[in-house]
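Chemist: Test case, fold it:
(chains A and B)
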Amino acid sequence: MSAAQALRPELRDPAARRRLTWAIAAVVLLWPLGRLAEFHPAVLLDPANAGVMGGFVRGFLPPAADAEFLHELLQATLQTLAIATAGVALAFVIAVPLAILATRSLSIAALGPADGRWRGRVLRQGVRTLMVLARSIPEIVWALLFVRASGLGPAAGVLALAITYGGMLAKVYAEILEAADARPARALLQAGGGRIAALCFGLLPLAAEELVSYTVYRWECAIRAAVVMGFVGAGGLGQLVDQALKGFVPGQVTSIWLVFLALVMLAEAISLVLRKVLA
Amino acid sequence: MTAHRGQRAAGLACLAVIALAVIASFRFLAVDFGGLFEPQARHRMARFVVEFFPPDVSPAFLRQVGWASLQTLAVSLLGTLIPAIAGGVLALPAAGRLGRLPKWTARSVLNGLRSVPELVWAALMVLAAGLGPFAGTLALALHTTGVLGRLFAESLENASTVPETALRDLGAGPVARFVYGTLPLIAPQCLGYVLYRWEMNIRMATILGFVGAGGLGQMLYFHLSLFQQQQAATVLIAMTLLVLADDTLSGRARRALSAQTH
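Modeler: So this is what the prediction gives:
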């Protein structure tokens, strides 16, 4: 586009002034952010840092594959899988009663005027608050606290997953159960059935598919989380990465990364199969 | 009927495998959960918890925590804005607009960036850029670029080509075609993705500090390492408040957005 063309009024952008104002405002706002985050790209080119990183990157290939390390890697991989599986299993055990307590469709008091009405509401609110608190502290923070409190390794990871994922599963279970048609459960409760019967025969048939697929999805997430938690000393692949980085053995980082990729793909495949068969 | 029974058998087999896997996991980890509840261990845990109270609320320390919270927010925001731009740039070739080879290359780069968890990026970036929030910003930016680039590319591929074809038939150049034909179509969706990632990055930025990448996480790690539990308690409270505020606000923003579009 030539300059003369650009100046022709019909080709001018009608919103040009507004866009320019917003652009300037954005830069003005971003400047202090950059300062706050100590955003200094020049640091990357600093010879000392660049040298360290350059040496590290050059060492990425070939991946480490000596027998001793491979054995360690296998152990760490199994440990990661075990932490994720055990953590989700415990989370499930925590989540189910909480979800049943929090689901309105299963409330007998909500059926009609009854003494227990406000008590039920207070209980549900209390359970919900508990779930929010369990979820709002990230699992790695729980893991760090458990590692520091008890010196546990992998068990800290299991407990951390159990708490956060317990809260998460309970919340989502309750949401799924409440989204399902409440009438069959209501009918069972009104006919004098217990809560468990109403859950099993009224709600579960409607919601089972979604519940299963969410649980399996969470297991997939738990594997990633279990890897990351290793950085605070909770065992598994993350701890191995941490050691490799601190000991400056880039080849090992590459091997661990490859195993991690394989693990994530394997988990995806397994969860696909599970969802198909169980749902 | 037989198909139904077959499905049922497969389901039961699956449940059995899961039960076995769970038992094997607990056996493999050899966790002594009974030991956790022994009087001595319980006593130690209780003492650890008690040491967190009361949290340190001296003005000087609160100012420090406030500063670290702001730093965490700044890291999350920059760690989302940079990828919004970089991901957009990479999404064009990744959506196959520049031919097959660039498409394959861009996709591999995006997958590589995405496959490394943020915390691992952070540990690597601490090597490259030294301790501090800059490493955290880079780590978030690298991972998020992979995520946003892929999401943007998918939106681009799914967008209707009608406006672009119309503009081409009118004689518009490739840049004008994209900017006025496709961009307005995908912009709201992409903005939604960016906001969603920002929400996740705020959570992430609070913990990146565990490997020395600045913000609240670094403070928590530091004070816990020095056994200063009361200071750690204040940092924990700040973290929880930040995450809770993030959850509530983003939930509201999402509802407002969906109310607007529907």
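Chemist: roughly how far is the helix or strand that contains residue B:232 from the heart of the chain?
Modeler: Per DSSP states H and E: residue B:232 is located in helix B:229-261. How far helix B:229-261 lies from its chain's middle: 14 Å, per Cα atoms, centre = their mean, to the nearest Å.
Chemist: Counting by contacts, list what it packs against.
Modeler: For helix B:229-261, the packing partners by 3 or more Cβ pairs under 8 Å, 6 or more residues apart in numbering or on different chains; DSSP states H and E come out as helix A:117-136, helix B:59-94, helix B:183-208, helix B:215-225. C-betas here are computed from N, CA, C, even on glycine.
Chemist: Quick one, which of those gets closest to residue A:163.
Modeler: helix A:117-136 (5.2 Å; Cβ to Cβ).
Chemist: Point out the other helices and strands that the closest one packs with.
Modeler: helix A:67-102, helix A:154-179, helix B:229-261.
Chemist: wait, which of those is closest to residue B:30?
Modeler: In terms of Cβ to Cβ, the element of the helices and strands packed on helix A:117-136 nearest to residue B:30 is helix A:154-179, at 8.9 Å.
Chemist: okay, residue 86: pLDDT?
Modeler: With no chain named, the answer covers chain A. The model reports residue A:86 with a pLDDT of 91.
Chemist: that's the wrong chain, I meant chain B
Modeler: 93.
Chemist: cool, and residue A:158?
Modeler: 90.
Chemist: can you check residue B:102 too?
Modeler: Confidence at residue B:102, expressed as pLDDT, is 90.
Chemist: How about the stretch 151-262 of chain B: which residue is closest to chain A?
Modeler: residue B:243 (4.8 Å; Cβ to the nearest Cβ).
Chemist: State the number of residues packed around that residue.
Modeler: 20 (other Cβ atoms under 10 Å in any protein chain shown).
Chemist: From residue B:233, how far out is it?
Modeler: 16 Å (Cβ to Cβ, to the nearest Å).
Chemist: Repeat that for residue A:163.
Modeler: For residue A:163 relative to residue B:233 (Cβ to Cβ), the value is 18 Å.
Chemist: cool, and residue B:40?
Modeler: 24 Å.
Chemist: Same question for residue B:195.
Modeler: 31 Å.
Chemist: more crowded one of those two?
Modeler: Counted by other Cβ under 10 Å, residue B:195 and residue B:233 do not tie: residue B:233 has more neighbours, with 20 against 14.
Chemist: can you pull the contacts of the more buried one?
Modeler: Residue B:233 makes contact with B:52-56, according to Cβ atoms under 8 Å, 6 or more residues apart in numbering or on different chains.
Chemist: So for it, what's the pLDDT?
Modeler: At residue B:233, pLDDT is 89.
Chemist: Repeat that for residue B:69.
Modeler: pLDDT, residue B:69: 90.
Chemist: who's in contact with stretch B:100-109?
Modeler: In contact with stretch B:100-109 (Cβ under 8 Å, 6+ apart) are residues B:90-96, B:146, B:149-150, B:153.
Chemist: Among those, show me the least confident.
Modeler: For these, the pLDDT minimum is residue B:96, 82.
Chemist: Return the distance of the residue nearest to that one when sequence neighbours are not counted relative to chain A.
Modeler: Leaving aside its sequence neighbours, residue B:96 sits nearest to residue B:103 (Cβ to Cβ, 6 or more residues apart in numbering or on different chains; 4.3 Å). Distance, residue B:103 to chain A, by Cβ to the nearest Cβ, to the nearest Å: 21 Å.
Chemist: next one: residue B:58
Modeler: The spacing between residue B:58 and chain A, counted by Cβ to the nearest Cβ, is 23 Å.
Chemist: State the phi and psi torsions of that residue.
Modeler: phi -70, psi 140 (degrees, to the nearest 10).
Chemist: residues in the stretch 151-279 of chain A within reach of chain B, list them.
Modeler: Neighbours of chain B within the stretch 151-279 of chain A, by Cβ under 8 Å from any Cβ of the partner chain: A:152, A:154-155, A:158, A:224, A:227-228, A:231-232, A:238, A:241-242, A:245, A:257, A:260-261, A:264, A:274, A:277-278.
Chemist: Buried ones only from the residues you listed, please, as a PyMOL command.
Modeler: Entered in PyMOL, the line below selects the buried ones among these, by 16 or more other Cβ atoms under 10 Å in any protein chain shown:
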select buried, chain A and resi 152+154+155+158+224+227+228+231+232+238+241+242+245+257+260+274+277+278
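Chemist: Among the residues of the stretch 151-279 of chain A next to chain B, which lie within strands?
Modeler: Secondary structure from DSSP state E places none of these in strands.
Chemist: Looking at the residues of the stretch 151-279 of chain A next to chain B, which are in helices?
Modeler: Using DSSP state H, the members of those that fall in helices are A:154-155, A:158, A:224, A:227-228, A:238, A:241-242, A:245, A:257, A:260-261, A:264, A:274, A:277-278.
Chemist: Skipping adjacent residues, who's closest to residue A:80 in space?
Modeler: residue A:236 (3.8 Å).
Chemist: quick one, what contacts the one you found?
Modeler: Per Cβ under 8 Å, 6+ apart, neighbours of residue A:236: A:76-77, A:79-80, A:83, A:154, A:157, A:226-227, A:229-230.
Chemist: top of the residues you listed by neighbour count?
Modeler: For those, neighbours tallied by other Cβ under 10 Å; top is residue A:157, 39 neighbours.
Chemist: What residues does that one make contact with?
Modeler: A:83, A:87, A:143, A:226, A:229-230, A:234-236 are the contacts of residue A:157 under Cβ under 8 Å, 6+ apart.
Chemist: Spatially nearest residue to it, not counting backbone neighbours?
Modeler: Nearest one to residue A:157, counting by Cβ to Cβ, 6+ apart, is residue A:234 at 3.6 Å.
Chemist: Ok, residue B:57 next?
Modeler: Residue nearest to residue B:57 in three dimensions, not counting chain neighbours: residue B:234, with 6.6 Å by Cβ to Cβ, 6+ apart.
Chemist: Check whether stretch B:182-198 comes near chain A.
Modeler: No: Stretch B:182-198 lies out of reach of chain A by Cβ under 8 Å from any Cβ, never closer than 12.3 Å.
Chemist: Chain A contacts on the stretch 51-200 of chain B?
Modeler: Taking Cβ under 8 Å from any Cβ as the criterion, the stretch 51-200 of chain B approaches chain A at residues B:70-71, B:74-75, B:77-78, B:81, B:115-117, B:119-120, B:123-124, B:127-130, B:132-134, B:136-137.
Chemist: swap the cut-off to 7 Å and go again
Modeler: B:70-71, B:74-75, B:77-78, B:115-117, B:119-120, B:123, B:127-130, B:132-134, B:137 (Cβ under 7 Å from any Cβ of the partner chain).
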